[in-house]
Every structure is written in C-alpha cells, then in structure tokens.
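In: Structure of the sequence below:
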Amino acid sequence: MSAFRELLDEATLEPDYAYLRETPSGKAALWHKAFEFFCLGLFNLYCPLKVTGREHLPSPPYIVCSNHCSHMDSPALMYAADGGFGQFGMVAAKDYFFDHKKRSSLLPQLMNLIPAERRANRETIVRLMVASREFSRHGNRNIIIYPEGTRSQTGKLAPLKKGPAMIAHEIDMAIVPAYIDGTYRSYPKGGKILKPARVCVHFGEPILPAGFDDEDTKLVYTAITQELTRRIEQLRDRHGHD
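Out: Numbering: from 1, shown residues only. Below you'll find the predicted structure:
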C-alpha cells in the first residue's frame, strides 16, 4: 500500500478551503461569468486561440498538465477544453496566491485555486492531495497542474516535478498532457500588458496511472513523470510555433 493511502483516508479538508467543495454562488459565480466573458473576447479577437486534440479529453474528473510560461495559461487551457470555467481548479503556490492580501481576496475563489506549498513534505503533500480530491469529487471537476512548478522565464520547458504523478496515482485521476504555444509571446513572466499573439493549445492522449504497477510507489511516480515529459515534448515538437 502507498505510504499516503492511510493518511488520505484520515485527512479532511481544511476549513479555509471549504469553497473547493462548493459550487460557486453569489459574487463568486458572477466573477466566474465575467471572467469567462473576458476570455471569450480575448481568445476570439485579441489572441485567437486554436485547439487540437480536444477529442483526447476523457470523461471528468481528470488532471491537465502542460508547460507553463504565463498567467494566461490556465484561462487558455480552460477555454480550450470547452467545459466551462467552473469545471476547473488550478493548483497554485500558496505563498504567491494565498499569503498575499490583495491576491487572496479574490483570486482563490475566482480561479478555484488549490493551495500548494513550495517546500513539500509528507504533511503538505497530503493536504494538497486532500484538497485536490475534494475539489474533483464535487461535480466531477478537473484540475490544472503545472509540473514545472513555476512559470518559465525563457519559454523553454523545464524538468518536471513528480507532484502531479503522485496526486494522480493516489486519488486515481487520468493525466492529460498538453502543450501551450503563444502565451509566452503575449504575456511572459514579468510582462506588464497583454500583447496580441496567436495562442495554440494541444491536448494529447491521457495517461492512466492504473497502467503503472510497481510495489515501490516512488518508481511509479518516476515512470508516470517520465511518460508525461515524453508526451509534452512530443506535442511541443509536433505543434510548437503553429
């Protein structure tokens, strides 16, 4: 048995993040609709968005993992999946989005943010798994995770971390590899304004954690991460700079 299974069975969602297992209502629902309307104009007029591989998306819930260059990436993935913004949550750095007063007042509920500690240990990983599990179980919703861990400053793909593989394996969710092109040109890390650019989102075939079997779960996490890296690189090499 995985070292996390018993801990997951006993762990509960922290009260501060109860919104993760609720359907947005009131002001949160209005902000969701306003944000969707903004992205409708953004990805149809200012930064036209092209999608390939949408047919690879499995039935929810699933995890989308892609390269990460811009704050535009999550809206692009949600818009490309065509399932409604309320159907997606995003794993996000706790220190950047939750511990900052201005960002924490709106963004967590607007983007269904799932908090993740940058300095991982068994306790923080279990908390992240529990939050991901609770969010996905409410309405069969999907999760976006960036396995590089942070936005690229060069636009190049950095080595992937094992976090998504661990979450997918322990709460049994498929991983959909994706590659995003164009958001780095439009709004890179440190950018001040959105520049017009064509954006392309490419989805690959899902990775099923159940297909990876080994008594040593660390080897399973490594194998899933290696396969995810291979598939994202394939999408990049096949479709990059469309």
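In: Work out which residue lies at the spatial centre of this structure.
Out: Closest residue to the average C-alpha location of the chain: Ile144 at 1.4 Å, with C-alpha atoms, centre = their mean.
In: Excluding chain neighbours, what is closest to it?
Out: Excluding its sequence neighbours, the residue lying closest to Ile144 (C-beta to C-beta, 6 or more residues apart in numbering) is Met90, at 4.5 Å. All C-beta atoms are positioned from the backbone trio N, CA, C, and that covers glycine.
In: Which stretches in this protein count as strands?
Out: 49-52, 62-66, 88-93, 113-116, 142-145, 174-181, 199-203 (DSSP state E).
In: TSV for these, including mean pLDDT?
Out: Rendered in TSV, the data for these read as follows (pLDDT from 0 to 100):
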stretch	mean pLDDT
strand 49-52	97
strand 62-66	98
strand 88-93	91
strand 113-116	90
strand 142-145	97
strand 174-181	98
strand 199-203	98
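In: what about Gly211, how many neighbours?
Out: Per other C-beta atoms under 10 Å, the neighbour tally for Gly211 reads 10.
In: in this structure, which ranges drop under the pLDDT threshold?
Out: Across the chain, the ranges flagged by pLDDT under 70 are 1-2, 100-106, 240-242.
In: about what we covered before: what residues are up against the residue nearest to Ile144?
Out: By C-beta atoms under 8 Å, 6 or more residues apart in numbering, the contact set of Met90 is Ser74, Met111, Asn112, Leu113, Ile114, Ile143, Ile144, Ile145.
In: which one is the third one nearest to, not counting chain neighbours?
Out: Residue nearest to Asn112 in three dimensions, not counting chain neighbours: Gly89, with 3.8 Å by C-beta to C-beta, 6+ apart.
In: hmm, back to that, make CSV out of the strands of the chain and add distance to Phe37.
Out: CSV is the format used below for the strands of the chain (distance: least, C-beta to C-beta, whole Å):
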stretch, distance to Phe37
strand 49-52, 15
strand 62-66, 22
strand 88-93, 16
strand 113-116, 20
strand 142-145, 20
strand 174-181, 21
strand 199-203, 18
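In: now for the ones you listed, which one comes closest to Glu14?
Out: Across those, the minimum distance to Glu14, taken as C-beta to C-beta, is reached by strand 113-116, at 8.7 Å.
In: Give me the angle between the longest helix along the chain and strand 62-66.
Out: Assignment by DSSP state H gives helix 217-239 as the longest helix of the chain. Angle between the axes of helix 217-239 and strand 62-66 is 60 degrees (criterion: axes from the mean of the first three to the mean of the last three C-alpha atoms, to 10 degrees).
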